[in-house]
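Trainee: predicted model, plus sequence, below.
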Amino acid sequence: MTYSYFPGCTLKNKAKDLDFYARECAKVLGFELEEIEEWQCCGAVYPQASDEIATKLSSVRALADAKKKGQDLVTVCSACHHVIKRVNDDMANVEDIQTKVNNYMALEEPYQGETKVLHYLEVLRDVVGFDTIRAKVVNPLKGRKIGAYYGCMLLRPSVTMQFDDPENPTIIEDFIRALGAEPVVYPMRNECCGGYISLKEKQMASNMVDQIMASASYKGAQELITACPLCMYNLRCNGTKEGLPVTYFTELLAEALGIKEEVDA
């Protein structure tokens with residue numbers, strides 16, 4: 001299975017590990033990520049103004065490119081996934097936006113939200129299957145207690161994202177379990193970390209990070225994993241107390257599949 005792949009800006013610099021291990025693990029698990037040619041930044045933040053189309057155009061270009069190739073579009077970054085999935089919903093269901101965007105872009109064929117947008121984790125769950133992943137694990141992560149940090153962008157708005165139950169998600173816990181580790185469920189795993197306000201309201205963001213870390217530690221987590229580069233930065237750098245180690249979920253997958261060990265060697 002080959003997917004169109006939208007890596008996003010951060011995965012080309014600060015979040016290279018999230019991207020690199022996603023690609024390497026895909027090879028082992030039997031699917032291919034075909035990077036979209038000449039992709040542009042997704043916009044980073046979904047525009048709330050109902051008449052805003054300019055910052056949606058790069059997402060539509062990626063979506064239209066995947067449609068032209070007859071492929072589903074896969075993302076790994078939570079922020080990119082959030083923006084592209086919501087823009088795709090607009091193009092499928094909001095006639096005014098659809099008309100304005102198509103008139104402006106003058107595509108060979110109008111785009112109307114036909115591309116299916118998947119997060120990498122959804123491919124692991126729904127296409128590859130966690131049982132298959134479990135069978136391919138060569139380095140079971142036994143004895144490790146790992147907390148999933150979902151954040152807010154993967155799960156909400158739930159009607160549009162359709163990723164998992166926004167109040168009681170299980171996909172990353174099932175992923176952790178498939179790798180042989182023990183998932184730790186804690187109350188703050190699906191709360192915002194404050195990443196988007198960390199520059200303007202640093203103290204507020206720091207307090208939010210401290211609450212997340214305290215919540216995870218109290219429930220017994222020894223480490224956290226995430227799919228969001230912004231969450232990664234905020235959780236690692238903006239807490240006022242010493243927090244838990246945080247890594248990308250693709251690094252954890254690579255470790256369990258024996259890929260990370262080969263690369264480090």
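Mentor: That came through fine.
Trainee: from here on, just use CA atoms for contacts and neighbour counts.
Mentor: Fine.
Trainee: and for the closest residue to K116 other than its chain neighbours, the neighbour number?
Mentor: With sequence-adjacent residues excluded and distances taken as Cα to Cα, 6 or more residues apart in numbering, K116 is closest to D72, at 5.0 Å. For D72, the tally of surrounding residues (other Cα atoms under 10 Å) stands at 18.
Trainee: which SSE is A44 in?
Mentor: Assessed by DSSP states H and E, A44 sits outside every helix and strand.
Trainee: C80 is in contact with that one, correct?
Mentor: Yes: with contacts counted by Cα atoms under 8 Å, A44 reaches C80, the gap being 6.4 Å.
Trainee: who has more neighbours out of those two?
Mentor: More crowded of A44 and C80, by other Cα under 10 Å: C80, with 27 against 17.
Trainee: can I assume the more buried one sits in a helix?
Mentor: Yes: secondary structure of C80 (DSSP: H, G, I helix; E, B strand; the rest coil): part of a helix.
Trainee: ok, it - contacts?
Mentor: 8, 42, 44 (Cα atoms under 8 Å, 6 or more residues apart in numbering).
Trainee: so what touches stretch 38-52?
Mentor: The contact list for stretch 38-52 (Cα under 8 Å, 6+ apart) reads 6, 8-9, 55-56, 58-59, 61-62, 79-80, 82-84, 86-87, 97.
Trainee: the residue nearest to K116 contacts M1, doesn't it?
Mentor: No: contact criterion Cα under 8 Å: D72 and M1 do not qualify, at 9.9 Å.
Trainee: hey, C-alpha coordinates of the helix or strand harbouring A256 in CSV?
Mentor: Here A256 sits within helix 249-257, counting by DSSP H and E. This file holds the C-alpha atoms of helix 249-257, laid out as CSV (Å, rounded to 0.1, in the frame of the first residue of the first chain):
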residue,chain,number,x,y,z
PHE,A,249,5.7,7.5,19.2
THR,A,250,7.6,6.7,16.1
GLU,A,251,10.8,6.4,18.1
LEU,A,252,9.2,4.0,20.4
LEU,A,253,7.9,1.9,17.5
ALA,A,254,11.4,1.9,15.9
GLU,A,255,12.9,0.7,19.2
ALA,A,256,10.4,-2.2,19.5
LEU,A,257,11.0,-3.2,15.9
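Trainee: what's that helix packed up against?
Mentor: Applying 3 or more Cα pairs under 8 Å, 6 or more residues apart in numbering; DSSP states H and E, one finds that helix 249-257 contacts helix 16-29, strand 223-226, helix 259-264.
Trainee: at 6 Å instead, please
Mentor: helix 16-29 (3 or more Cα pairs under 6 Å, 6 or more residues apart in numbering; DSSP states H and E).
Trainee: residues of the helix or strand that the helix it packs on is followed by that come out buried?
Mentor: Sequence order places strand 32-35 as the next helix or strand after helix 16-29, per DSSP H and E. By neighbour count, with 16 or more other Cα atoms under 10 Å as the criterion, the buried positions of strand 32-35 are 32-34.
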